[in-house]
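Peer 1: sequence unavailable; structure follows:
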């Protein structure tokens, strides 16, 4: 994400900047995250559920969003999902 923003800024300003170090760090970070996710089934489940919530949020039409006053900010959906997970875990305990 940061690389994309910086690349766009570089295009707009025509300033030459070497992003190779940032790109390498970004790639390394992504590899580490993927490795952690691969090793943790619970994390895989959480990510799957987050993806489902996100996909569900995209299905709401613009008219429905306005009618219901639904915020477009995806953070709201993620917070609701995480709260639901937390509540479920409390019930299981």
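Peer 2: Received it, and whenever you're ready, just let me know what you need. Source: prediction; values computed, not measured.
Peer 1: what domains does the record give for the chain?
Peer 2: 1-39, 41-93 (automatic domain parsing).
Peer 1: among these, which gets the worst mean confidence?
Peer 2: Mean pLDDT is lowest for domain 41-93 among those, at a mean of 73.
Peer 1: distance from stretch 29-47 to the middle of the chain?
Peer 2: Distance, stretch centre to chain centre, for stretch 29-47: 13 Å (C-alpha atoms, centre = their mean, to the nearest Å).
Peer 1: over to stretch 8-18?
Peer 2: On C-alpha atoms, centre = their mean, the centre of stretch 8-18 falls 26 Å from that of its chain.
Peer 1: so which strand or helix has residue 9?
Peer 2: Assigned by DSSP states H and E, residue 9 falls within helix 2-13.
Peer 1: so which other helices or strands are in contact with that helix?
Peer 2: Packed against helix 2-13 by the contact rule (3 or more C-beta pairs under 8 Å, 6 or more residues apart in numbering; DSSP states H and E) you find helix 20-39. Glycine gets a C-beta too; all of them are placed from N, C-alpha and C.
Peer 1: what does the helix holding residue 9 contact?
Peer 2: The list of residues contacting helix 2-13 from outside it, by C-beta atoms under 8 Å, 6 or more residues apart in numbering, reads 16, 17, 19, 22, 23, 26.
Peer 1: closest to residue 82 out of those?
Peer 2: Residue 82 lies nearest to residue 26 out of the contacts of helix 2-13, by C-beta to C-beta, at 25.0 Å.
Peer 1: okay, now the closest one: neighbour count?
Peer 2: 14 (other C-beta atoms under 10 Å).
Peer 1: now swap in residue 42 and tell me
Peer 2: 7.
Peer 1: how much space separates it from residue 26?
Peer 2: 26 Å (C-beta to C-beta, to the nearest Å).
Peer 1: alright, I will stop here.
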